[in-house]
Each structure stands twice: as C-alpha cells, then as structure tokens.
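Novice: A structural model of the following input is requested.
(chains A and B)
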Amino acid sequence: MSQIIIQGLLLSGLYALIAVGFTLIFSIGRVLNLAYGAYLMIGGYVYYHFTQVLGLPQIAGILMAAIFGCVIGILKYRLIVKTLKGDHVAVEISTLILAVVIQAGIVLVFNDSSKILHPIVPGVWRIGGATVTFNILTAALASWAILIGLYLFVRNTHIGRAMQAVSMDVKGAAISGVDPDRINLITWGISGALGAVAGVFFASYTQLSPSMWVAPLIIAVAVVIVGGIGSIIGSLIVAHIIGFMEIISTTLIAAELRGVFTMLLIIGVLVMRPRGLFGREEL
Amino acid sequence: MAFLEIEGLSAYYGKARALHNVDIAVEKGEIVAVVGANGAGKSTLLDSIMGLTAIKGDIRLGGESLAGLSSRAIVEQGVGYAPERFNLFPYMSVFDNLMVGAFTARDEADRNLQHVFDLFPRLAERRSQETYTQSGGERQMVSLGRALMTGPRLLLVDEPTIGLAPKVCHDIAESLRRLNGETGLTIVITEQNANFAMSLASHLHILETGELKMSGTADELGSDEELNKAYFGH
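Specialist: Model (predicted):
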C-alpha cells in the first residue's frame, strides 16, 4: 500500500508538469495543441544529445531542453497559430501534422531505435517498505518546484495576471493595455519550455523514442478534458486522479493496462460531464 | 484645437458600415455625452476610439492621431475605457482586476489604486471578492476603477446606467462628477437615458443609426421640440 501511495504521488507530480503547459495554451488560446507531445520528445532528445553525446552537465542539458522547447513554441505560434488565427480546426490539424513531421526529423537525426537516458540522480531510496528511485523522486520534486513557481508567477506578476485576463476576456484585457498577441506568444514560449523539461523527466522515467510524444499527449488531453477548461489547480487534482489510477491499475491488475483507464476516464467525462469536473474559465 | 477630435469617422464590421462620417470635438476637462437608442452606434464609436474596429477618418488626442494604433498603444496614450458589458475577468478578485488595468502604468499602480479605493470605498472592502459574484453596480465600479488604473487623460464610459437601480445610477454619476471636478479628467459617456446624460454632461451629441444628428449644449438641445419628444420624454 505504501508503495502505491508513494509511487502515485510521485507519478502524479510528473503528470501535472506534463499537463500544465498544455493547459496554459488551452486556457489562453482555446487551442488543443496536438503537437504538445512533440515538445516533450524534443526536450528528451535535446537533453540526451547535450548530456550523453556532448557530455555537458545535467543542469545544462535541462536548460538547453527548455530553450529549445521555448523557441519551438514561439515559432509554432508565430508561423502557424497566428497565421491560422480563429480557425481552431485548422490549427489543431496543423499541430498534429507538425508532431508527425518532428517525429520524422527525430528519426532522421537520431534514428528510430529507443534510447535509455541515464537517471538524472542515480540510486534507490527505501522508505516504509516502499522502494523509490531517486530519479522519479527528483522528477517529482522538480515538477512540484516548477508548478509552485508557475502558480506564483501567474498569480502575482503583471504578466501572469495578464495571462489570466486574456484567458477570461480578450477585449477586457486589450482595453486594459494588455497586448493579447504578445501574451499568447509568451504563453506558447512558456508552454514549450515546460513541455520540454517535462519531456526530460518523462524520458528518464520511461525511455527515449520517436513515438514517445503520444503517451504524454494523451495524459495532457485527459487532464484538460477531465479537469475542464484550463485551471492550474484543476490540472493538479486531475493529474493526481490519473496518476493514482495508473499506479493502482498497473500494480494491482496488470501492467498492460497502463493508459487504458485514463482513456476510459476521458470518454466517461465527455459523456457525463462535458464541461469537465472543474470546468470554469480560470487559470 | 480640441483635446479629442474625431473627424470624418466611419467604422466597419466587415463590409457593414456602423458609423457614417462622424465629427465630434471634446475640450479638455469636459464631460460630453453621446446619446442614442440601441444600435445607434454609441458602443462602436467608443470601440473605434480604442482601436477595436476598422475605421476611416481620424481620431486625435491632444493633437496626436490614434488612428491605426493598437489598443495597448491607445491606452498608453492616455485613454481609459469602461465598456457597457464591463468585460471584467470573472474569476479574478477585485484587486487583480484593478491590477490588470495597471499593466501599462505599473509605476503609478499604488497611487492609482488608492485613488480608486478613495472613489469607490466598497471596492476596498471587497478587494478579495471574485467579480462574478458581484452585483451590477459593483461590477460597474470595478470597470471604472480598472479604466482609472491605466492613468487616463480621457475616460470613455459606455452606458454607465444600463440595468442599474436609480440609487446606483446616482452614485455612479456622483463619482464621475467628482472625478471630473477634482482631477479635471475629460470624460465621454454614451447613454440611452438622455435625462441622465443631460444631468451630467456639458455637451451632448445625438447619434442615430450611425450618423450624428445633432450636437449642442443641454440647453440648446433641450429647446428642440422634436428631440424633447424623442429622447427626453417631455
């Protein structure tokens, strides 16, 4: 039981980090960024290249992953989303195509075989009969630190308030002197950086492969659909529901069920409560 | 040269023209009202000043053209706007709504916030309340407060009395008078309630289906029999 609780808490922290960048974009731009999983893939591969190929320190690898993710997010907004402004279907289809193109690019550069990332922090911690790798513990603690930082940023800074404002009323934000286009650009950059850093931790927990963008995308979509229109707090709660569901189903029933209950939850919420469990327009 | 000069203004929603060649001049420190029925183009006029609609013609503030500027740049030029539907941020607190208004005037945020709380003490009492839980009158105060947080030289107020109880309308009018009297702030309001507009403004402009029908002082317009019947109910 203690193993389930501890693993559930740690995995949920990681899932919350995976989902929050996706939630930001959905809240502010009302766009399902289906290329979001590709940020995680890029983050994982950039980290791999800089730390395991070039031998840079891990912190430098994480920083480079964040920078790459941020730049990709900004470019995607400028070149695709802004150009297709208002046509959400076109944006969503194009982001999905972009994810496939990025996957092809990754195969071209790194080939299609899976790669194992060295643990960010090696070792194992035994606590109360449970065994926890330092790697997932570090991932979860870093996730929590990033999420708390993001929460404080959104709640207490002028840019953060402007992000909330744009998510709730674009005209109200514009007449207050906020440039919604600039706020969207900043949000896409932050989302890209968050996704890429989440990708480093996710890849260190699973493995690096050109198809690794699909699973985190499902987690992110589930959090938004189950949680309702993007709320950071709602995302945290739903990430924990999904994280614990995964741990319980894979530990107590069968490892092959990973992801199945998450998808069933998506369908159940879509049928019974389409606005989501915490659906209201906040950030 | 007037403080606000609107010259030959036409505004468009797609191909539809909502304002036709409107000319209005507002002197510094004046309260001016634009009166008209639903669909007359009052909100479009204020939206046009804020850069929210496609326009032809020119709008100048203190001699500087606002035409073609972004809403952000127009706010930085000193225009504050309290729209008819408030356009508040419903799940943010009163304080946070006001602080969004300080986005381009951060250095003056503390002073402007104190000014807003002096003008509307109820907002200070309810600074932590989310605005979706507030009454129409309170939301109107937040909307005006947010506009004042931008540090405006010109305040635009779209239909400040719509849907509000007479006592609240009276309080809003008093606040606008106080703002104008104490700080010399230039104010343009739009109204369907011509009597309210006449009680507040030194000059009125009558707008009908996007065209300026008549302009003048309250006394001048009050003596026009046709207008009296149409707008003032006597």
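Novice: Please make it C-alpha for all contacts and neighbour counts, starting now.
Specialist: OK.
Novice: How about the secondary structure of B:Ile187?
Specialist: Following DSSP: H, G, I helix; E, B strand; the rest coil, B:Ile187 is assigned to strand.
Novice: Now do the contacts for it.
Specialist: Taking CA atoms under 8 Å, 6 or more residues apart in numbering or on different chains as the criterion, B:Ile187 is in contact with B:Gly29, B:Glu30, B:Ile31, B:Val32, B:Leu154, B:Leu155, B:Leu156, B:Val157, B:Asn180.
Novice: Check which residues of whichever strand or helix holds A:Cys70 are buried.
Specialist: A:Cys70 is part of helix A:58-76, with elements assigned from DSSP states H and E. Neighbour counts over helix A:58-76 (16 or more other CA atoms under 10 Å in any protein chain shown) mark A:58, A:61-74, A:76 as buried.
Novice: farthest pair in the residues you listed?
Specialist: Based on CA to CA, the longest span within those runs between A:Gln58 and A:Lys76 and measures 26.8 Å.
Novice: Looking at chain B, what residue ends up closest to chain A?
Specialist: B:Arg72 (4.1 Å; CA to the nearest CA).
Novice: could you say which helix or strand contains that residue?
Specialist: According to DSSP H and E, B:Arg72 maps onto helix B:71-76.
Novice: follow-up on the earlier one: which residues are in contact with the residue of chain B closest to chain A?
Specialist: B:Arg72 neighbours (CA under 8 Å, 6+ apart): A:Ala174, A:Ile175, A:Ser176, A:Gly177, A:Val178, A:Asp179.
Novice: Narrow those residues to those in strands?
Specialist: The strands, defined by DSSP state E, take in nothing from the contacts of B:Arg72.
Novice: could you flag which of these are buried?
Specialist: Buried among those (16+ other CA under 10 Å): A:Ala174, A:Ile175, A:Ser176, A:Gly177, A:Val178, A:Asp179.
Novice: Against B:Met50, how distant is the residue lying closest to the fifth one once chain neighbours are set aside?
Specialist: Spatial nearest neighbour of A:Val178, chain neighbours left out: B:Arg72 (5.9 Å); criterion: CA to CA, 6 or more residues apart in numbering or on different chains. Look at B:Arg72 and B:Met50: by CA to CA, to the nearest Å, they are 9 Å apart.
Novice: And for A:Ile72?
Specialist: In terms of CA to CA, A:Ile72 sits 33 Å off from B:Met50.
Novice: With A:Ile74 instead?
Specialist: Remark: distance between A:Ile74 and B:Met50 (CA to CA) = 28 Å.
Novice: Tell me how many other residues crowd the nearest residue to B:Pro90 once chain neighbours are set aside.
Specialist: Residue nearest to B:Pro90 in three dimensions, not counting chain neighbours: B:Tyr132, with 4.5 Å by CA to CA, 6+ apart. Neighbour count for B:Tyr132, taken as other CA atoms under 10 Å in any protein chain shown: 15.
Novice: quick one, phi/psi of B:Tyr132?
Specialist: phi -70, psi -20 (degrees, to the nearest 10).
Novice: from the stretch 51-200 of chain A, which residue is nearest to chain B?
Specialist: In the stretch 51-200 of chain A, the residue that lies nearest chain B is A:Gly177 (4.1 Å; CA to the nearest CA).
Novice: got the contact list for that residue?
Specialist: A:Gly177 neighbours (CA under 8 Å, 6+ apart): B:Ser71, B:Arg72, B:Ala73, B:Ile74, B:Val75, B:Glu76, B:Gly101, B:Phe103, B:Thr104, B:Thr150.
Novice: looking at this, A:Val132 is in a strand?
Specialist: Yes - the assignment for A:Val132 by three-state DSSP puts it in a strand.
Novice: partners of it in the sheet?
Specialist: A:Trp125 (DSSP bridges).
Novice: Name the nearest of the buried residues of helix A:58-76 relative to A:Gly227.
Specialist: Distance to A:Gly227 across the buried residues of helix A:58-76 (CA to CA) is lowest for A:Gly73, with 23.4 Å.
Novice: gap between the residue of the stretch 51-200 of chain A closest to chain B and B:Gly101?
Specialist: Distance, A:Gly177 to B:Gly101, using CA to CA: 7 Å.
Novice: Check the contact lists of these two and give me the overlap.
Specialist: Overlap of the contact sets of A:Gly177 and B:Gly101 (by CA under 8 Å, 6+ apart) consists of B:Thr150.
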